[in-house]
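K.L.:
Task: produce atomic coordinates for the following.
(2 chains)
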Protein chains: 2
Amino acid sequence: LKHSVTEISTCLLSRSAPLLQQLERSMSTVTIPPPACMLRPLEAPLRYLFGPGPSNVPPRILAAGAKPIIGHMHSEMFEVMDDIKEGIRYAFQTQNNMTISMSGSGHAAMECAVFNTVEPGESVLVAINGIWGERVAEIAERSGAKVHRLVKAPGGYFSNKEIEQAMQKHKPVLFFLTHGESSAGLCHLVDGIGDICRKHNCLFLVDTVASLGAAPIFMDKQNIDILYTGSQKALNAPPGTAPISFNDRACHKMFNRKTKPLSYLFDMTYLSNYWGCDGKPARIYHHTGPVSGFFALRESLAILAEKGLEESWRKHKEIAAYLYKGLEDMGLKLFIPDRDLRLPSVTTIAIPDGYDWREMLAYIMKHHQMEMTGGLGPSVGMVMRVGLMGYNCEKFNADKALHALQDALKNCKKSKA
Amino acid sequence: LKHSVTEISTCLLSRSAPLLQQLERSMSTVTIPPPACMLRPLEAPLRYLFGPGPSNVPPRILAAGAKPIIGHMHSEMFEVMDDIKEGIRYAFQTQNNMTISMSGSGHAAMECAVFNTVEPGESVLVAINGIWGERVAEIAERSGAKVHRLVKAPGGYFSNKEIEQAMQKHKPVLFFLTHGESSAGLCHLVDGIGDICRKHNCLFLVDTVASLGAAPIFMDKQNIDILYTGSQKALNAPPGTAPISFNDRACHKMFNRKTKPLSYLFDMTYLSNYWGCDGKPARIYHHTGPVSGFFALRESLAILAEKGLEESWRKHKEIAAYLYKGLEDMGLKLFIPDRDLRLPSVTTIAIPDGYDWREMLAYIMKHHQMEMTGGLGPSVGMVMRVGLMGYNCEKFNADKALHALQDALKNCKKSKA
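P.N.:
I've put the predicted structure just below:
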């Protein structure tokens, strides 16, 4: 229960004499000097971003993001946003009207999904086989949900039967699964799970941040109720925007809440209006979206539309297979044994015996200007990760990555372990 | 009370035969075709952004935002973030260690401030004299706070006595005031309020989104506990980042909470680590910050440091005075009668008798490619707003704005009212 006291006072404009004096005085009292570091130009080295993201942004997308901006509420901006919606619908393979981009990274989409569809006290089931499920569980708990965790080791696979059993037991309103588990390198199948969720009156929320554009996903056909992704992986836009889509089932749940969502910024009632999805004629100011970020996101979705999803999926699969062979040829072992379950965009390598993975990665960064990374969350110390996503997904980049790894294997002294 | 059931299952990698078939089949079932709109190039017209923001982004900042990106956790990125912190400290005139940029617009900073410093059931006092106080009150209510509103008409001024009386009555843990009330065109003085807050054991939260760099503010000397701004006003960066700083009093409150903040994304425990403010040697992945947005923000803060705060304040005051004279010379009336209380970055004009403000603004957009705006929230229908901020704050732009208004006054038919 909230109590509020409203005090309406008449508008009394103070015209006291000391005001002007205060203003004048305050103009001359800067005590913190301009920082010396700011008199140096911005420096950022060129890097091969072959980790799990962000990936390298192609010049065409950088140029789109550098166009002079327009207002966030100009009609031309709404056209750009309409294009983005179409581009997301294609990438997600959905006809959902309620399709927008968050003004934030994948975590903003995660919080938006949970904040809008779950009310305090409701049950949420989260499949955890890497870091992303952990994050969603944490977010849902903070929202006051009863969170039930279905936990496997990183890269673990959930059978539909296991999922249905947990659903029967916990009666969740929302079930979360990661399609592209980038911390483990797993691409989880989703077929049939949407149907199980419908049977149990539960929404199906899927994270495709690391997989969209790299591995097939069909939001409508696979009965996914809420799907989101990030801009900085296979889409190759800078981080800071995150496409998300809700189907009618999800809309019905989120627009028939008893309580307001915890966040005003992520409230879909306002975001749906801002994105022209609520059928109302006027768009009302909610927040100021990242205009340059939306320009870049539009360009990245345009590139995907031009290339075609099938070609993008095929290419990621082909280059991943080439990478697997190269890795195995140099004696490295892939972390996900079943190649059909490997995430084509991010490959996880079991840490070779006797090597210090931190040393190898530092060597590769220093000598090859190349980012590869270790594990994340529960997979730290288990894997090294190589991502070749979108623009970076080329045979010559796979060769560069393989060469760098070979060099590190040769030059990084084996530890005593 | 939260209940959670953890189920640890062994990792069972499914190797069922139909998997590969499913994958192969799914590659060929794209049913949503690439959208035609995406085969057109991105179009965005050149605009004079003379509204309340975003303002035009100078080429130098656009170029910084278009630099090839690096990883969000690379050491060079941490250097950029360290520079940003220094730049914010200068702009805010503070030595606070806990100084960061949000990965989001001003609303993200607003929610971050409230989510981290207020716990459910605590009392919050919000001064409302335009839209921004309304927003903070809404955000605090959603957080479960007891919100007390101190309401004036748009542009109203709160005396320190009124504020102290309300504080005595409601015993808030947080008091919010807008320094630059862009919806009304008011620049509220803050002298003495920080002391009143200390006396009453309350944190002082100030919004300078529309005023930073345009009107003097001294976070440390004025005893402001939490201060935030936006990137897209007088700083002239694209929207999408928002500097925020917390002093020791604010840190003490927010790091001694009994409950977790509602948002994981905006949890200062993690954000302070991401920004290297928590004194810990290692920075742990929290979320992926908007790398390009941070490049642009750094450049905008560098420009302010080069120019100097005093010069920036002087320039905004000078150009605003020039604009006031031009407006009054053509018979327009300024909405804030006391010129010492006018916000130098955003000037509010009372809607001239017999004119339809929507028609005037549409005329100016159509014939002068220039954005001016109407009111916002409670000031809709009361004012038209002209913003000349940072890069846009030049005499020749004031002349352009005056010329466009003169033209609209001449050509927009008077309504019958």
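K.L.:
which SS state does residue A:149 fall under?
P.N.:
Following DSSP: H, G, I helix; E, B strand; the rest coil, we place residue A:149 in the strand state.
K.L.:
I figured residue A:151 was touching residue A:125, is that so?
P.N.:
No: in this structure residue A:151 lies outside contact range of residue A:125 using C-beta atoms under 8 Å: 11.4 Å. C-beta: built from backbone N, CA, C; applies to glycine.
K.L.:
Show me the shaky parts of chain A.
P.N.:
Within chain A, the ranges that satisfy pLDDT under 70 run A:1-28, A:415-417.
K.L.:
run the last query once more with 50
P.N.:
A:1-18, A:20-21, A:25, A:416-417 (pLDDT under 50).
K.L.:
Among residue A:151 and residue A:125, which residue is more densely surrounded?
P.N.:
The neighbour comparison of residue A:151 against residue A:125 (other C-beta atoms under 10 Å in any protein chain shown) goes to residue A:125, with 28 against 17.
K.L.:
tell me which element the more buried one is part of?
P.N.:
In this structure, residue A:125 is located in strand A:123-128 according to DSSP states H and E.
K.L.:
Give me the distance from that strand to the chain's centre.
P.N.:
What separates the centre of strand A:123-128 from the centre of its chain is 18 Å, taken as C-alpha atoms, centre = their mean, to the nearest Å.
K.L.:
and the next element down the chain from that strand?
P.N.:
Taking DSSP H and E, what comes next after strand A:123-128 is helix A:131-142.
K.L.:
on contacts alone, who are the packing partners of that next one?
P.N.:
helix A:106-117, strand A:123-128, strand A:146-151, strand A:174-178, strand A:203-207 (3 or more C-beta pairs under 8 Å, 6 or more residues apart in numbering or on different chains; DSSP states H and E).
K.L.:
next helix or strand past the biggest helix by length in chain A?
P.N.:
Assignment by DSSP state H gives helix A:309-329 as the longest helix of chain A. Per DSSP H and E, the first helix or strand lying C-terminal to helix A:309-329 is strand A:346-350.
K.L.:
Tell me which residues of the helix or strand following that following strand come out buried.
P.N.:
Later in the chain than strand A:346-350, the nearest helix or strand by DSSP H and E is helix A:357-368. For helix A:357-368, a neighbour-count test (16 or more other C-beta atoms under 10 Å in any protein chain shown) marks A:357, A:360, A:361, A:363, A:364, A:365, A:368 as buried.
K.L.:
Could you check the helix or strand encompassing residue A:252 against chain B for contacts?
P.N.:
Taking DSSP H and E as the definition, residue A:252 sits inside helix A:248-254. No: residues of helix A:248-254 contacting chain B under C-beta under 8 Å from any C-beta of the partner chain: none, with a closest distance of 15.0 Å.
K.L.:
Quick check: which helices or strands does that helix pack against?
P.N.:
helix A:106-117, strand A:203-207.
K.L.:
Now do that helix: everything it contacts.
P.N.:
Contact with helix A:248-254 is made by A:96, A:98, A:116, A:117, A:173, A:198, A:203, A:225, A:226, A:246, A:261, A:268, as judged by C-beta atoms under 8 Å, 6 or more residues apart in numbering or on different chains.
K.L.:
For the buried ones among these, write the corresponding ChimeraX selection.
P.N.:
Filtering the contacts of helix A:248-254 down to the buried ones (16+ other C-beta under 10 Å) takes a single ChimeraX command:
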select /A:96,98,116,117,173,203,225,226,246,261,268
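K.L.:
among the contacts of helix A:248-254, which two are most distant?
P.N.:
In terms of C-beta to C-beta, the contacts of helix A:248-254 reach their longest pairwise distance at A:198 and A:261, which sit 23.6 Å apart.
K.L.:
host element of the nearest residue in space to residue A:35 that is not next to it in sequence?
P.N.:
Closest residue to residue A:35 apart from its sequence neighbours, by C-beta to C-beta, 6 or more residues apart in numbering or on different chains: residue B:86 at 3.7 Å. Element membership for residue B:86 (DSSP H and E) is helix B:75-92.
K.L.:
Measure how far that helix is from the centre of its chain, please.
P.N.:
Worked out by C-alpha atoms, centre = their mean, helix B:75-92 lies 18 Å from the chain centre.
K.L.:
what packs against that helix?
P.N.:
Looks like helix B:75-92 contacts strand B:98-102, strand B:242-246, helix B:291-307 (3+ C-beta pairs under 8 Å, 6+ apart).
K.L.:
so of those, which one's packed in deepest?
P.N.:
Ranked by mean neighbour count under mean count of other C-beta atoms under 10 Å in any protein chain shown, those are led by strand B:242-246, which reaches a mean of 28.
K.L.:
Going by distance to chain B, which of the buried residues of helix A:357-368 wins?
P.N.:
The shortest gap between chain B and any of those belongs to residue A:365, at 8.3 Å (C-beta to the nearest C-beta).
K.L.:
Please tell me I have it right and that closest one contacts residue A:359.
P.N.:
No: look at residue A:365 against residue A:359 with C-beta under 8 Å: they stay out of range, at 10.9 Å.
K.L.:
Farthest-apart pair in the buried residues of helix A:357-368, please.
P.N.:
Counting by C-beta to C-beta, the most remote pair of these is A:357 and A:368, 15.6 Å apart.
K.L.:
before we move on, the earlier item: which neighbours do residue A:365 and residue A:359 share?
P.N.:
Common neighbours of residue A:365 and residue A:359 (C-beta under 8 Å, 6+ apart) do not exist.
K.L.:
got the residues of the stretch 251-400 of chain A near chain B?
P.N.:
So far as C-beta under 8 Å from any C-beta goes, the stretch 251-400 of chain A lies against chain B at A:260-265, A:285, A:287-293, A:295-296, A:298-299, A:301-302, A:305-306, A:308-310, A:313-314, A:336-338, A:340-341, A:371, A:376.
K.L.:
Isn't residue A:397 up against residue A:386?
P.N.:
No: judged on C-beta under 8 Å, residue A:397 makes no contact with residue A:386 at a distance of 9.8 Å.
K.L.:
These two: which is more packed in?
P.N.:
residue A:386 (28 against 20).
K.L.:
Could you give the number of residues near residue A:369?
P.N.:
As a measure of burial, residue A:369 has 12 neighbours, counting by other C-beta under 10 Å.
K.L.:
Let me fix that, I meant to ask about residue A:328.
P.N.:
Per other C-beta under 10 Å, the neighbour tally for residue A:328 reads 12.
K.L.:
The residue nearest to it when sequence neighbours are not counted: neighbour count?
P.N.:
Of all residues not flanking residue A:328 in the chain, residue A:334 sits nearest, at 7.2 Å (C-beta to C-beta, 6+ apart). Neighbour count for residue A:334, taken as other C-beta under 10 Å: 18.
K.L.:
any idea how far residue A:334 lies from chain B?
P.N.:
Remark: distance between residue A:334 and chain B (C-beta to the nearest C-beta, to the nearest Å) = 12 Å.
K.L.:
and that residue, what is it in contact with?
P.N.:
With the criterion set at C-beta under 8 Å, 6+ apart, residue A:334 makes contact with A:185, A:324, A:327, A:328, A:342, A:347, A:348, A:349, A:350.
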